[in-house]
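# Need a 3D model of the following:
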Amino acid sequence: MTRPRAWWRSPPLVLAAGYAAGGVPFSNVAARLTRGVDLRHVGTGTVSGTALYRVAGFPPLPAAGICDVAKGSVGPLLAGRHRPSLAAISGGLAVLGHDWSPFLRAAGGRGVSPAMGALLPYQPAGAAFLLAGLTLGRLAGESAVGVLVADLAMVPFLSRFGGRRGRLAGAAVVVPMLLKRLSGNARPVSPGAGVYLWRLLLDRDRLSRGTPR
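Numbers count the residues shown, from 1 in each chain. You can find the predicted model right below:
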């Protein structure tokens, strides 16, 4: 006899929990607590670990970074290994909530940390692959490019190592990350194909400087 699943693991609640957890802006909370600064009003306006480091230094960064990764795992862990579609979608919603946080009037980061967290429980190779792209990009002086390469290669990479489940999990986190790169933090002054190509490649506008997180 199959035991009934706990009510708090029902699909609607799993999806809502994934999105809500992803929307918690830990980097902005840390910046406010340590320096009284709202990251939306600093630099490019990206709410990220990089922005937190620039305004508050290293001390609050590890805790905020761990929380940003961990929140991506909430939905997939509630979904469980035996519901891969639900786990993948809830992980994607965590990235969506991080990128357009309901607690920051749709401001947010770039989704790298929660994406790693979303992949970590059941597709750890994908989390390691994304971390490698970020690390190699930073070592080369352009982390946005490293992340883009990892994003574009994620689905075929996880398809090879995780099959259908890997494809689902990879696509679910990559799509909102790519959309955030294209949308940026504000509408471009002069929209055009070149503007969006620049955003896709370097995750910023031509006069902006910053790295994703």
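# What mean pLDDT does the helix or strand where residue 34 lies get?
Using DSSP states H and E, residue 34 maps to helix 26-35. In this model, helix 26-35 carries a mean pLDDT of 96.
# Now the residue nearest the centre of the chain, what are its backbone angles?
Closest residue to the average C-alpha location of the chain: residue 111 at 1.6 Å, with CA atoms, centre = their mean. In terms of degrees, to the nearest 10, the main-chain angles of residue 111 are phi 90, psi 0.
# In three-state terms, how would residue 185 be classified?
Assigned by DSSP: H, G, I helix; E, B strand; the rest coil, the conformation of residue 185 is coil.
# hmm, back to that, can you check what pLDDT the model gives the residue nearest to the centre of the chain?
Looking at residue 111, its pLDDT stands at 96.
# for it, what are its contacts?
The contact partners of residue 111, taken as CB atoms under 8 Å, 6 or more residues apart in numbering, are 95-96, 98-99, 173, 176-177, 180, 212. For every residue, glycine as well, the C-beta is placed using N, CA and C.
# switch the cut-off to 7 Å
By CB atoms under 7 Å, 6 or more residues apart in numbering, the residues touching residue 111 are 95, 98-99, 176-177, 180.
# swap in residue 136?
Going by CB under 7 Å, 6+ apart, residue 136 touches residue 146.
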